[in-house]
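In: coordinates for the following, if possible.
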Amino acid sequence: GSLGWFDAASGEVVVTGKGGKMRRVPVGGPAREALAAWLAVRPPAADGSPALFLSSRGTRITPRVVQQRLKQHAIKAGAPVHVHPHVLRHSFASHLLQSSGDLRAVQELLGHASITSTQVYTALDFQHLAAVYDKAHPRAKAK
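Out: Next up, the predicted model:
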């Protein structure tokens with residue numbers, strides 16, 4: 001069912017971005033399962049908030065708490081300590097663009113009003129560019 005921001009049937013979430021602008025974003029099967037499992041154990045919101053993550057008092061957690069929890073999980077996983085929520089967004093966009101090549105779709109998923117904001121993610125690393133060149137260019141192939 002729909003919880004206002006998560007529709008399990010359609011596999012979509014409603015994301016509120018900058019300026020209160022809302023957009024629908026598709027969510028894959030594993031993420032849908034994780035959301036459903038979390039919602040089954042998530043404490044009720046004290047203030048009726050539709051927030052996904054709540055404090056022990058049942059109120060929306062702050063951006064700082066999100067950063068702290070992400071850092072804790074990064075340390076547990078052996079990941080670099082300097083992980084911030086925006087790194088997840090950047091990684092998502094970079095991987096999506098690298099696998100699909102569809103800048104316009106990435107723009108929609110990120111909620112960018114301007115394609116120039118999304119073009120930041122087109123700056124692929126040199127190793128990736130060299131690998132694409134070696135694979136595709138006829139003169140790059142060893143004889």
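In: residues contacting residue 83?
Out: Residues in contact with residue 83 (CB atoms under 8 Å, 6 or more residues apart in numbering) are 70, 71, 74. Quick note: C-beta positions are derived from backbone N, CA and C, even for glycine.
In: closest one of those residues to residue 8?
Out: residue 70 (25.1 Å; CB to CB).
In: what's the neighbour count on that closest one?
Out: Using other CB atoms under 10 Å, residue 70 has 16 other residues around it.
In: next: residue 121.
Out: For residue 121, the number of neighbouring residues by other CB under 10 Å comes to 22.
In: I figured it hits residue 97, correct?
Out: Yes - under the criterion of CB atoms under 8 Å, residue 121 is in contact with residue 97, at a separation of 5.1 Å.
In: among the contacts of residue 83, which lie within strands?
Out: In strands, judged by DSSP state E, none of the contacts of residue 83 are found.
In: closest one to residue 133 out of those, please.
Out: residue 74 (33.5 Å).
In: contacting residues around that closest one?
Out: Applying CB under 8 Å, 6+ apart, the residues near residue 74 are 80, 81, 83.
In: how does it look with 6 Å?
Out: Residue 74 sits next to residue 83 when contact means CB atoms under 6 Å, 6 or more residues apart in numbering.
In: and what of the one 4 residues further on?
Out: Contact partners of residue 78, counting by CB under 6 Å, 6+ apart, are absent.
In: per-residue pLDDT of it, please?
Out: Looking at residue 78, its pLDDT reads 91.
In: for it, give its distance to residue 9.
Out: Distance of residue 78 to residue 9, given as CB to CB, to the nearest Å: 37 Å.
In: ok, residues contacting the helix or strand hosting residue 104?
Out: Element membership of residue 104, judged by DSSP states H and E, is helix 103-110. The set of residues external to helix 103-110 that reach it, using CB under 6 Å, 6+ apart, is 25, 93, 96, 97, 115, 118.
In: what's the helix or strand for the third one?
Out: Meaning residue 96. helix 85-100.
In: quick one: average pLDDT of that helix?
Out: Mean predicted confidence for helix 85-100 is 88.
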